[in-house]
Each structure stands twice: as structure tokens, then as C-alpha cells.
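*Asks:* Give me a model of this one.
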Amino acid sequence: LAVAMRARNHSHGANDDSRSWWRDGAFWAAAIFAVHPLATEAVTYVNSRSVVMASAAMWASFWLLERARLRTPGRTYRINGGSTLAMSVLACGLLAKEMAVTLPLLVLLCDALLPPRDASGLALPWRQRWRGAALLTPALLLVPLLFATLQSPHTQHIGFDILDPWRHLWTQPIALVRLLGLIVVPFGQNLDHDLPLANGPLDPHTLLALAGLGFGLFASWRLRRSAPLAALPLVAYLIVMAPTNSIVPFYDYMCERHVYPGIAVVAIGGGLLLDRLLRPASIRAGQPANFAAARMAGTVALVVALAALTVVRNQLWQDPVALWREAALLSPDKARPAAQLGAHLARKQALVEARPWLERAVRQAPDVHVWRANLGLLYRLSGDGDAEVALWQQRVDAQPQDSAAKTALRRLQMHQVKARRALQRAAPVQR
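*Replies:* Numbering: from 1, shown residues only. Alright, predicted model coming up:
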């Protein structure tokens, strides 16, 4: 990320390679991204490594494209070995996660707000700027192939059969605003966020989120020429979040692992801002020395605070009971955290403590068979066979067509009959 930032700054004429690293906005952008606590889930959760690989491929492709342009006579976008390699790396990112599809739009956005410059220092005309995104576009031909494969990692978490697509769509503005808030102020993190689906476009929360995003986009448009650094982060954030938080209904329609590339683009915006604030030219412009020192101290304090929060978050991830307990307490209306907490407590033989959590999960999500089976097993291990039978009998009475519940109930009843016969045969021997 630091290399990509330096390449973009250098092409924009905003970087001085003679500056110390601690005055380089690219370094601080990479530092903020590296230690941000919101990235913990994407990095730690094994099933989310695809997000990390796709993000790494995106920024590597971005850097390779910039490197190829800077080495071209006239510093223009051309088809050569470097641009072909950049397209190939982007294709690898698409094989990992569909969010890499947004890179051409990001390149086009950067070329619009931070125009690359030719060898004479002049900004490239628009007829040459769009070529950067066009050179990466052939890699996007993989997208239809990926989604045509029904068993691919890209489609197994899509929930058209569970979530209402329209309610999901009107919920996404709320999710985008909340996740952006967690990037700016990383407090209130949760492994399983409890965000109810919006009732429609007139839902108060949806209207408020749309108003906030609309105001931010309007401000970005007005600042596109006078302050392009301020216009970049929000638009880039919405672009990289579009594959996972827009039209396609995912089961986890608000989760922290999907915001991993969003952290990167917001960090880039912050790094570009710091690049201006920490530049010696701005410090010499009639500002006292202690003001410059305060800028640097504030930047260091921000990175240290984020690193401390990341350490605390990683310690929480080391204990699955503590991690799911936090999620269950922060999401009281969601069944999955309670079910996971009860299962982890049962594995540690804390059956008494696990029982109310599993009962809550079954009460909130009675259609999930595996959670009911876990609760029935807990009843059996606790010696409460009658409660296990009542659990399945209640399900059969409520949903007579549930064949799995009927099978479980018949099996339990057969075990009870066999147990009573065994006791009857053993009774004369005992006498």
C-alpha cells in the first residue's frame, strides 16, 4: 500500500523522495491500514483470507500499472509487459474474491481527482487517462465465469433464497454508514452485527443514511477541483464496498471482514492528507515549529492508539468463548451468537452455563435444525431426557412437515422404550 501511494504521489507531483520517511503520507497511510483494529476479522478469520488475498492483488496490480506508466516514454498508459502483468495480477485477485472487480473504477477515480503527469510535468489529457482502467478491463471477463459456477466461493454465501432482495437493498445504506463510522472511530466492533432489515425506502434509518451519503457525495463533487484529497475517500469507499454491500444479498449483509478494502482506501485518503500536513513546505509557511511538532505527535498518537486497540481485539479472538459472548451481548436479537456461545461452552463442559444460550438460540431461530440438535444433546448429557423429548415434540407440533424433527423424535422414543424394557428385564435379577 505504501508503494502504491508513493507511485501515485510521485506521478501527481506531490511527493519528494528526499523527504524523511516519517514525513511521507504514504508511510502513514500504510501504518494506519496495517494497525487498524477493524481489519482483525478479515486477517484472523480463516474463511476471510480470500478478502486479504484479493486486496493484496488489487494494490499490487495498481502499483504495477503505475510502475509501467512511469517507465514508459512520456509517462503514458500503453500496452506493455508491465501493464499485462498488472492485468494478470488483477485476474488472480478476482479468483480470490469478487471485490477486486472494482480496481479499474478506482484507477479511473484516481486519474480523475489526482491526474497523472507526463515527463514535462503536465497533466495527461482525458483521452489518455482512461487507458489505465481500460488496460485492466480484460481481467473482468473472469467475473461471468466465476458466478456461472454455482459451487464457487463467490456464490455459496449469496442468500436470494433467504433474504428479501429489496429489503436487503434498502438496508445497505445503513450498513455502509455504520461500517464507515467504525473505520473512523473503531469502537463497537462485533463479530456478528445485529442490523435488522429495513422495511423499505421510507424506513427512517434508510432515509437518514441516504441523506448522509448524499451529502458526502455532494461535498466530494464540489471539492473535486479545489480539494481532491477530501473528495477521494468517500467515493473510493463506496466503489470498493459495492460488490458486497449493494444489490447482491449476502447472508452476512453487514460484517467487518467485507470492509477490509474499504479501510485501505480511507487510509489512502488519510495518507494523502497527512502528506500535505507533514510536508516541510507547508510547515515553513509562517507556522511555528511547535505547531509542526504537534502535527507529528498527533499522527503518531493516532497510529499507537489504533495499534493498542488491535492488540486488544486480537487477544479477544484468541478465546472463542469470550469472542462469542461479546457478540451475544451486543446482538441480543440474533440467534447465531447465542448458538455459537452455547456450543463452545458445551465443549468446555460448562453445560449449566451453555443451556440458557442454546435455549435462546432455538427460541429465536426454531427452524435451524443443528442448533436444536445441539440443545437436545446438551439435555441428554445433563441427564434430562424428558426435556430432550419435549424439545422435539414441541417442534413436531409446531411444524408437522419437519421430517428431521419427526425422525429425531421417533429415535428418542425408541430409545426410551428400549431403556424401559431393559429396566424391566433387569428388575427380577435385582430382586
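
*Asks:* Helices of the stretch 101-250 of the chain, start to end?
*Replies:* For the stretch 101-250 of the chain, the helices defined by DSSP state H, counting those that start in this stretch occupy 103-113, 126-136, 142-148, 165-184, 204-222, 228-241.

*Asks:* Now tell me which of those the model trusts least on average.
*Replies:* Among the helices of the stretch 101-250 of the chain, helix 142-148 carries the lowest mean pLDDT, a mean of 68.

*Asks:* now the helices of the stretch 101-250 of the chain as TSV including distance to S120?
*Replies:* Every C-beta, even on glycine, is put in place using the N, C-alpha and C of the backbone. Converted to TSV, the helices of the stretch 101-250 of the chain look like this (distance: least, C-beta to C-beta, whole Å):
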stretch	distance to S120
helix 103-113	18
helix 126-136	14
helix 142-148	38
helix 165-184	38
helix 204-222	30
helix 228-241	21
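
*Asks:* now these as TSV including distance to A350 and mean neighbour count?
*Replies:* TSV is the format used below for those (distance: least, C-beta to C-beta, whole Å; neighbours: other C-beta atoms under 10 Å):
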stretch	distance to A350	mean neighbour count
helix 103-113	47	22
helix 126-136	52	18
helix 142-148	43	13
helix 165-184	31	19
helix 204-222	37	15
helix 228-241	39	21
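
*Asks:* and of those, who's closest to R276?
*Replies:* helix 228-241 (6.8 Å; C-beta to C-beta).

*Asks:* Now do the buried residues in stretch 368-387.
*Replies:* 371-376, 378-379, 384, 387 (16 or more other C-beta atoms under 10 Å).

*Asks:* among those, which two are most distant?
*Replies:* W371 and D384, at 17.3 Å, using C-beta to C-beta across the buried residues of stretch 368-387.

*Asks:* Look up how far V265 lies from the nearest residue to I263 once chain neighbours are set aside.
*Replies:* Once flanking residues are discounted, I263 sits nearest to H36: 5.2 Å by C-beta to C-beta, 6 or more residues apart in numbering. Per C-beta to C-beta, to the nearest Å, H36 is found 12 Å from V265.

*Asks:* and P249, which of the helices of the stretch 101-250 of the chain is closest to it?
*Replies:* P249 sits nearest to helix 165-184 of all the helices of the stretch 101-250 of the chain, at 4.0 Å, using C-beta to C-beta.

*Asks:* by how many degrees do that closest one and helix 228-241 diverge?
*Replies:* With axes from the mean of the first three to the mean of the last three C-alpha atoms, to 10 degrees defining the directions, helix 165-184 sits at 140 degrees from helix 228-241.

*Asks:* Run through who's touching helix 165-184.
*Replies:* Here helix 165-184 makes contact (C-beta atoms under 8 Å, 6 or more residues apart in numbering) with 36, 38, 159, 188-189, 193, 195-201, 203, 205-206, 209-210, 212-213, 234, 237-238, 241, 245-247, 249, 253-254, 256, 258-259, 262-263, 266.

*Asks:* residue contacts, the spatially most central residue of the chain?
*Replies:* In the chain, the C-alpha nearest the mean C-alpha coordinate belongs to H258, at 1.8 Å (C-alpha atoms, centre = their mean). Taking C-beta under 8 Å, 6+ apart, we find H258 in contact with 51, 99, 179, 241, 244-245, 250, 252.

*Asks:* For PyMOL, write a command that selects the buried ones of those residues.
*Replies:* Listed next is the PyMOL selection for buried residues among the contacts of H258, using 16+ other C-beta under 10 Å:
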select buried, resi 51+99+179+241+244+245+250
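
*Asks:* Columns distance to W166 on top of the contacts of H258, output as a markdown table?
*Replies:* A markdown table is the format used below for these (distance: C-beta to C-beta, whole Å):
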| residue | distance to W166 |
| --- | --- |
| V51 | 26 |
| M99 | 23 |
| L179 | 21 |
| M241 | 19 |
| T244 | 18 |
| N245 | 15 |
| F250 | 15 |
| D252 | 18 |
